[in-house]
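Participant: Using only what follows, build the 3D model:
(2 chains)
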Amino acid sequence: MRLASRLGGAALSLVMVAVLGFFLFRVVPGDPVVSMTRGRPTTAAMQAELRAQFGLDRPLHEQFWGYFTSLLRGDLGTSFTFRRPVSDVILERLGPTLLLVGTSTVIAVGLGLWLGVLAAWRRDSAFDRTTTGVSLTLWAVPTFWLGMLLMMVTGDLFPSRGMRDTDTAPDFLSQALDVGHHLVLPSLTLVAVVCAEYLLVMRSSLLEEMHAPYLTTARAKGLRDDLVRRRHAVPNAVLPAITLVFLRFGLVVAGAITTETVFSWPGLGLLFYDALTGPDYFLLQGLLVVTAGAVVVMNLLAELLYGVLDPRVKVV
Amino acid sequence: MSRFNRSGVAGAAILAVAALVAVIAPLVISADELDVTRVTAAPWQSPGAEFWLGTDHTGRSVALLVAQGAGTSLFVGLTAAVLAVGIGTLVGIVSGHFGGLVAGALLRVTDFFLVLPALVLAIALSTVLPRGLGTIVLAIGLTSWPSTARMVRAQTLTIEARPFVERARALGGGHVHVIGRHVLPSVVPLVLVNATLAVATAIVAESTLAFLGLGDPTRISWGAMLHQAQLHGAVPQRAWWFLLPPGVAIVVVVLAFTLVGRALEAVVTPKR
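Facilitator: Numbers count the residues shown, from 1 in each chain, chains lettered A, B, ... in the order given. Below is the predicted model of the structure:
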């Protein structure tokens, strides 16, 4: 029963994402065609043609129905700047983003949870104070600025633009090495910012468990300190931390937008930047629907995963 | 406890200095010194006796730009936080106090906006609305209220389950009485903590939007300076004096708000 309600809730959220994407770009003041063609010489006839092409001349409810039914078929409309289907443009840019976000998330989760456990276990030690202080500072650092700093500090050590050089040999190994070389700075930026968040979450989650009676029991049995930590405290504390990691997936998405913009990493984040500088409303709408949809799905996964990991929470 | 209070006091002191700079800067700095068309100094000067933080790509003093930018960042941070926390408190109390369909729907909407990446929504909003300070405030305020709403709702539910509220109801206290006399006073401390932390988030969000070129083009802000630095190649030119000051200013002020917020939190929830 609860599984059904979870799935229903997620489905409703997805519909709300679609509705939000539609109205955000149509109920705003001003004519979208006028703003999109701003700065380009256009005649009234050309604007009317554009309006007809994008269906903007039809009544709102017809537009919405058209938009919604095409969305269900996976059709996100046509990009104004690329003159191609939005879904094609987005699919093309998905790979680089998955590579960057995937690498960074794995490193950040591992590092953040590990350091968070150590910090909480030695609460108020010099290590705890340093890591908490550094995390709070990193939390205050704008992602894009950190990226620019890293770029300036490392100088010519790492490439700072794009994903690969044009003159790299075509074989797999050199290509992979080249991409890896380009990946260093953007992933370092993303890890630094996201890791701080995970560290603080894990730390406070473990602190909640620190005075639990079962730890006293474990110690009374004569278990060594690190066994008490590894076998008893951490397994209980890691569950809420893991769900929070999933719930803060939006944070990674936001970080990816600015990181990719700073390093010209050819993924969805840079596409966001292209869409807003255009401005290309249809591309932006597609990106909004896709990223928001992805976040909703990640949340559903987090809830289901939580049920699997923690038998006390019955989801199915 | 004492460590947090000490860092809280340090944060408050930093904020006082930042506020002072924000108020004094526009009075002291003449418009000529910040006008691209009227400055006479050479561009890209490294820090020296005349310009102790160097000059930007147009020859304006970086030190003066940072001082002038303080006002924009603090204004946007404070107003957006007030807007977000205001909406959050209203939604939280209403969905916590009134049960039934309204509460269910509000909770649904809150949870929906809670999981969506606020920055993505803020970017979309500020792209479609006309550029300006009001747009930035709206974009940040309208997208960052859900966490406050969640927290206020939880607190409202906790308070309303207490016997003294039941007693007030039994004596004939209406919605206005229960909310005004019992729920609001218990929610206010938490809301204040939340607002302080929300300012920190809002300032980072403002700088990010400005960096993406969505800021008010007529105003100097720290994020807008970094936007210019990126646009005109401060990184390849190694113009650290153009890149460091606005970023450090953001980090210091945001950290100050965070420290004050955490110190307040320790006071409001003493059990930790």
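
Participant: mind listing the helices for chain B?
Facilitator: Assigned by DSSP state H, chain B shows helices spanning B:2-28, B:31-34, B:62-97, B:100-115, B:118-128, B:133-141, B:146-160, B:163-170, B:175-177, B:184-211, B:222-231, B:240-268.

Participant: again with the stretch 101-250 of chain A
Facilitator: Counting by DSSP state H, counting those that start in this stretch, the stretch 101-250 of chain A has helices at residues A:126-140, A:143-154, A:172-209, A:213-220, A:225-227, A:234-247, A:249-263.

Participant: Could you show which parts of the stretch 201-316 of chain A are in contact with chain B?
Facilitator: A:247, A:250-251, A:253-254, A:257-258, A:261-262, A:272-273, A:275-277, A:279, A:281, A:284, A:288, A:291-292, A:295-296, A:299 (C-beta under 8 Å from any C-beta of the partner chain). All C-beta spots, glycine's among them, are computed from the backbone N, C-alpha and C.

Participant: For the lowest-mean-pLDDT helix or strand in chain B, which outside residues touch it?
Facilitator: When each helix and strand of chain B is scored by mean pLDDT, DSSP states H and E, helix B:31-34 comes last, with a mean of 74. When contacts are defined by C-beta atoms under 8 Å, 6 or more residues apart in numbering or on different chains, helix B:31-34 is touched by residues B:Arg38, B:Val39, B:Arg60, B:Ser61, B:Leu64, B:Leu65, B:Gln68, B:Ile220.

Participant: thinking again about what came up before, adding distance to B:Leu90 and mean pLDDT, write the helices of the stretch 101-250 of chain A out as TSV.
Facilitator: TSV is the format used below for those (distance: least, C-beta to C-beta, whole Å; pLDDT from 0 to 100):
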stretch	distance to B:Leu90	mean pLDDT
helix A:126-140	27	91
helix A:143-154	31	91
helix A:172-209	28	89
helix A:213-220	41	89
helix A:225-227	48	88
helix A:234-247	24	80
helix A:249-263	23	88
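
Participant: Can you name the residue of the stretch 101-250 of chain B nearest to chain A?
Facilitator: B:Pro117 (3.3 Å; C-beta to the nearest C-beta).

Participant: what residues are up against that residue?
Facilitator: Here B:Pro117 is in contact with A:Gly250, A:Leu251, A:Val253, A:Ala254, A:Thr291, A:Ala292, A:Val295 (C-beta under 8 Å, 6+ apart).

Participant: phi, psi of the residue nearest to the third one when sequence neighbours are not counted?
Facilitator: Counting by C-beta to C-beta, 6 or more residues apart in numbering or on different chains, B:Pro117 is the residue found nearest to A:Val253 once chain neighbours are left out, at 4.6 Å. Summarising the backbone geometry of B:Pro117 under the convention degrees, to the nearest 10, its torsions are phi -70, psi 120.

Participant: any idea which residue sits dead centre in chain A?
Facilitator: Among the residues of chain A, the one closest to the centroid is A:Val253, at 2.1 Å (C-alpha atoms, centre = their mean).

Participant: where does the residue of chain A found nearest chain B sit relative to B:Thr110, distance-wise?
Facilitator: Closest residue of chain A to chain B, C-beta to the nearest C-beta: A:Gly250 (3.3 Å). With distances taken as C-beta to C-beta, to the nearest Å, A:Gly250 is found 15 Å from B:Thr110.

Participant: repeat for B:Thr158
Facilitator: 17 Å.

Participant: the more surrounded of these two?
Facilitator: B:Thr110 (20 against 12; other C-beta atoms under 10 Å in any protein chain shown).

Participant: Make sure that one is actually in contact with B:Val91.
Facilitator: Yes - the pair B:Thr110 / B:Val91 is scored as a contact, 6.2 Å apart, by C-beta atoms under 8 Å.

Participant: Give me the common contacts of the two.
Facilitator: With contacts defined as C-beta under 8 Å, 6+ apart, the residues shared by B:Thr110 and B:Val91 are B:Ala149, B:Arg153.

Participant: Check the offset of stretch B:19-33 from the chain's centre.
Facilitator: 21 Å (C-alpha atoms, centre = their mean, to the nearest Å).

Participant: before we move on, what about stretch B:11-27?
Facilitator: On the basis of C-alpha atoms, centre = their mean, stretch B:11-27 is displaced by 15 Å from the centre of the chain it belongs to.

Participant: now do stretch B:140-147
Facilitator: From the chain centre to the centre of stretch B:140-147 is a distance of 11 Å (C-alpha atoms, centre = their mean).

Participant: where does the closest residue to B:Leu264 other than its chain neighbours land on pLDDT?
Facilitator: Spatial nearest neighbour of B:Leu264, excluding adjacent residues (C-beta to C-beta, 6+ apart): B:Val193 at 4.7 Å. We note a pLDDT of 90 for B:Val193 in this prediction.

Participant: quick one: contacts of stretch A:223-243?
Facilitator: Applying C-beta under 8 Å, 6+ apart, the set of residues contacting stretch A:223-243 is A:113, A:116-117, A:120-121, A:198, A:201-202, A:205-206, A:208-210, A:212, A:214-215, A:218-219, A:302-303, A:305-306, A:309-310.

Participant: out of those, which are buried?
Facilitator: Listed as buried from the contacts of stretch A:223-243 are A:113, A:116-117, A:120-121, A:198, A:201-202, A:205-206, A:209, A:215, A:218, A:302-303, A:306, A:310; burial here means 16 or more other C-beta atoms under 10 Å in any protein chain shown.

Participant: How about the residues of the stretch 51-200 of chain A by chain B?
Facilitator: For the stretch 51-200 of chain A, the residues in contact with chain B (C-beta under 8 Å from any C-beta) are A:136-137, A:139-145, A:148-149, A:151-152, A:160.

Participant: 6 Å - rerun?
Facilitator: Residues of the stretch 51-200 of chain A found near chain B (C-beta under 6 Å from any C-beta of the partner chain) are A:Leu136, A:Ala140, A:Val141, A:Pro142, A:Phe144, A:Trp145, A:Met148, A:Met151, A:Met152.
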